[in-house]
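Visitor: Just need the structure, nothing else, for what follows:
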Amino acid sequence: MTDNPTNGAANADTTPSLNALAQFIKDLSFENPNAPRSLAPQQQSPEISIQVNVGANQLSDTDFEVTLALEGKAQIGQDVLFAFELSYGGVFRVRNIPKDQLHPVVMIECPRLLFPFARQIVADAVRNGGFPPLFIDPIDFTALYRQKLGELQAAQQQTVS
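Guide: Numbers count the residues shown, from 1 in each chain. Next comes the predicted model:
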């Protein structure tokens, strides 16, 4: 038997793949507006709110820039202890994914790969701001995708009606 090197290359060319080419902080903001007063031990736990958004920009036939935006704040009553905004991006190469599955892969799998790094950046920023690190709970990007898709479909139906 002889080895045919083109067989392996042909198989590799049709295998679906998702590769992270780069990851980066696009924008990071941390505010501690009431320091040092806000750093004193608190009698009650703060209310923490977090918003998550995902965006994508196609760079080429196979490459996408995906941005995971995390925004949040902690407050007690009307007093803001801290606030943060993080825009964390990645460039991903997506190959051999059927066209009908491309959008979900980019909008679900790519942010899922970015999230652990963005989570650590937020935790470090909050800790460096003088508070215990804030570890954001895992995010169900499939549910987030379905929610956004439902909102878009509802908006389209309202404009048609």
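
Visitor: Strands of the chain, start to end?
Guide: Applying DSSP state E to the chain gives strands spanning 17-31, 47-58, 63-76, 79-95.

Visitor: any idea how far R127 lies from S49?
Guide: Separation of R127 from S49 (C-beta to C-beta, to the nearest Å): 19 Å. Every residue, glycine included, has its C-beta placed from N, CA and C.

Visitor: just P111 next, same as before
Guide: If you measure P111 against S49 using C-beta to C-beta, the figure is 19 Å.

Visitor: now L149
Guide: 23 Å.

Visitor: so where's the protein shaky on pLDDT?
Guide: Applying pLDDT under 70 to the chain picks out residues 1-12, 160-161.

Visitor: re the thing from before, okay, P111 and S49: which has more neighbours?
Guide: P111 (25 against 11; other C-beta atoms under 10 Å).

Visitor: tell me the contacts of that one?
Guide: Contact analysis of P111 by C-beta atoms under 8 Å, 6 or more residues apart in numbering lists 54, 66, 68, 139, 141.

Visitor: Go again with 7 Å.
Guide: Counting by C-beta atoms under 7 Å, 6 or more residues apart in numbering, P111 makes contact with 54, 66, 68, 141.

Visitor: Relative to I76, how far out is it?
Guide: With the distance defined as C-beta to C-beta, P111 ends up 31 Å from I76.

Visitor: V105 now?
Guide: Look at V105 and I76: by C-beta to C-beta, they are 41 Å apart.

Visitor: What of Q101?
Guide: Look at Q101 and I76: by C-beta to C-beta, they are 45 Å apart.

Visitor: and the two? which has more neighbours close in?
Guide: For Q101 versus I76, neighbours defined as other C-beta under 10 Å are more numerous around I76 (14 against 11).

Visitor: Apart from its neighbours in sequence, what residue is nearest the more buried one?
Guide: Computed as C-beta to C-beta, 6 or more residues apart in numbering, the closest residue to I76 that is not its neighbour in sequence is P46, at 5.1 Å.
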